[in-house]
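Asker: just coords:
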């Protein structure tokens, strides 16, 4: 597939012209793209919705998370498509289409950081910024066969970034190589400091979640990388999902419910359905889930400590085919959320590493660290990748 076709599908039509803020710096040899949820001064942030684009509100300032790579000299090539108002796991947008998955063109690229993942996987940019609430960097990383990092909640500024579920929303980035991932990390976190040895643990019950074809490909790889096996899902998988659902939906309704409900609002059928579901969440649903979340967070922090890293599958199956029915996508989302909700609920950093291919389609392994453990994840990424089939591709 030619680069221009990829570019048109990945970048938004209202993207700013390529620009940089500094001619020199540690990232001056790199190009990047920005998910169209981040404000860039002088541009409209449409968030995948035609009403927001039509409103034409021009950002007065650039989001701080974008200013960091700009200050390091990186060249921004523009803004990329997203699932409508970031509500999606697949990358399909009723109004603007679906960015291409360069590694599996008949399949979705994953969302909601879909255009960013497509641009990176297709070699259009060296790295791209996205957001991650329930898997929106990690899942497209797995689907497109690239690295994708969700950062610790609150560590990077979300000012100037559209809020979707504010107690979950984080900034992250994607790249094709562990070297570029680490260089971007240094721009955000500074030069790496010496680290103690890493305890690599396998979450054995997490490997019972994927479909057989994915589990059979990933489990032997994970077992070869790790030294200890643990059970992750304290209280059972459904307890984690019953904690995640009301909190994420409650956030969504409080943040976007009024906007979505305005008369004449133009939203897709899937977003209208999602907003309707969010409106049914009650205080009686949210209150106990808040307590459960705190307990699960404490459990994970204790399990990981300052040196632990937990290995789990990123997604439960191969990416769905483009044009799959809504019911199929909803079922897929719920099963993969059983994996992605862990870091989302407990506010922890998670890195997807392209691990292997199944039926020619990329499949990722994920690694979760304790709070502010991004440097540890980035430090071990190259070593882990070199031991995986994808690392020799």
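Answerer: Cool, got the structure. Please read all numbers here as calculations on a predicted model, not as lab measurements.
Asker: all helices for this structure, in order.
Answerer: If DSSP state H is used as the criterion, the helices of the chain fall at 3-10, 50-55, 64-71, 114-121, 138-144, 178-189, 212-225, 237-261, 269-279, 283-304, 326-346, 374-386.
Asker: who are the contact partners of the nearest residue to residue 199 once chain neighbours are set aside?
Answerer: Leaving out its chain neighbours, the residue that sits closest to residue 199 by Cβ to Cβ, 6 or more residues apart in numbering is residue 308, at 4.6 Å. Bear in mind the C-beta positions are built from the backbone N, C-alpha and C, glycine included. Residue 308 makes contacts with 198-199, 201, 369-370, as judged by Cβ atoms under 8 Å, 6 or more residues apart in numbering.
Asker: would you agree residue 260 is in contact with residue 272?
Answerer: Yes. Contact criterion Cβ atoms under 8 Å: residue 260 and residue 272 qualify, at 7.4 Å.
Asker: quickly note the distance from the most far-flung residue of the chain relative to its centre to residue 51.
Answerer: Relative to the C-alpha centroid of the chain, counting by Cα atoms, centre = their mean, residue 263 is the outermost residue, at 31.6 Å. For residue 263, the distance to residue 51 equals 12 Å [Cβ to Cβ, to the nearest Å].
Asker: go on, residue 217?
Answerer: Going from residue 217 to residue 51 by Cβ to Cβ gives 42 Å.
Asker: neighbour count: the two, which is higher?
Answerer: Neighbours were counted for residue 217 and for residue 51 using other Cβ atoms under 10 Å; residue 217 has more, 19 against 16.
Asker: find the residue at the geometric middle of the protein.
Answerer: Geometric middle of the chain (Cα atoms, centre = their mean) lands on residue 137, at 1.5 Å.
Asker: can you report phi and psi for that one?
Answerer: phi -110, psi -40 (degrees, to the nearest 10).
Asker: distance of it relative to residue 241?
Answerer: For residue 137, the distance to residue 241 equals 20 Å [Cβ to Cβ].
Asker: repeat that for residue 70.
Answerer: Going from residue 70 to residue 241 by Cβ to Cβ gives 38 Å.
Asker: do the same with residue 357
Answerer: Taking Cβ to Cβ as the measure, residue 357 falls 29 Å from residue 241.
Asker: check residue 18 too.
Answerer: For residue 18, the distance to residue 241 - Cβ to Cβ - is 42 Å.
Asker: which one's more surrounded, the two?
Answerer: Using other Cβ under 10 Å as the criterion, residue 18 and residue 241 rank with residue 241 on top: 16 against 11.
Asker: the more buried one against residue 338, yeah?
Answerer: Yes. Contact criterion Cβ under 8 Å: residue 241 and residue 338 qualify, at 6.1 Å.
Asker: nearest to residue 79, out of the helices of the chain?
Answerer: helix 114-121 (7.9 Å; Cβ to Cβ).
Asker: got the angle for the closest one vs helix 3-10?
Answerer: 160 degrees (axes from the mean of the first three to the mean of the last three Cα atoms, to 10 degrees).
Asker: what about helix 114-121, distance to the chain center?
Answerer: From the chain centre to the centre of helix 114-121 is a distance of 11 Å (Cα atoms, centre = their mean, to the nearest Å).
Asker: centre of the chain to stretch 231-249, how far?
Answerer: Distance, centroid of stretch 231-249 to centroid of chain: 19 Å (Cα atoms, centre = their mean).
Asker: of the contacts of residue 308, closest to residue 95?
Answerer: For the contacts of residue 308, the nearest to residue 95 is residue 369 (37.0 Å; Cβ to Cβ).
Asker: list the contacts of that closest one.
Answerer: 304, 308-310, 348-351, 376-377.
Asker: what pLDDT does it get?
Answerer: At residue 369 the predicted local confidence, pLDDT, stands at 98.
Asker: ok, how many other residues are close to the nearest residue to residue 306 once chain neighbours are set aside?
Answerer: If the residues on either side of it in the chain are set aside, residue 306 comes closest to residue 370, at 6.0 Å by Cβ to Cβ, 6+ apart. When counting by other Cβ under 10 Å, one arrives at 21 neighbours for residue 370.
Asker: same question for the one 3 residues further on.
Answerer: As a burial measure, residue 373 scores 26 neighbours (other Cβ under 10 Å).
Asker: what about it, distance to residue 387?
Answerer: Distance of residue 373 to residue 387, computed by Cβ to Cβ: 20 Å.
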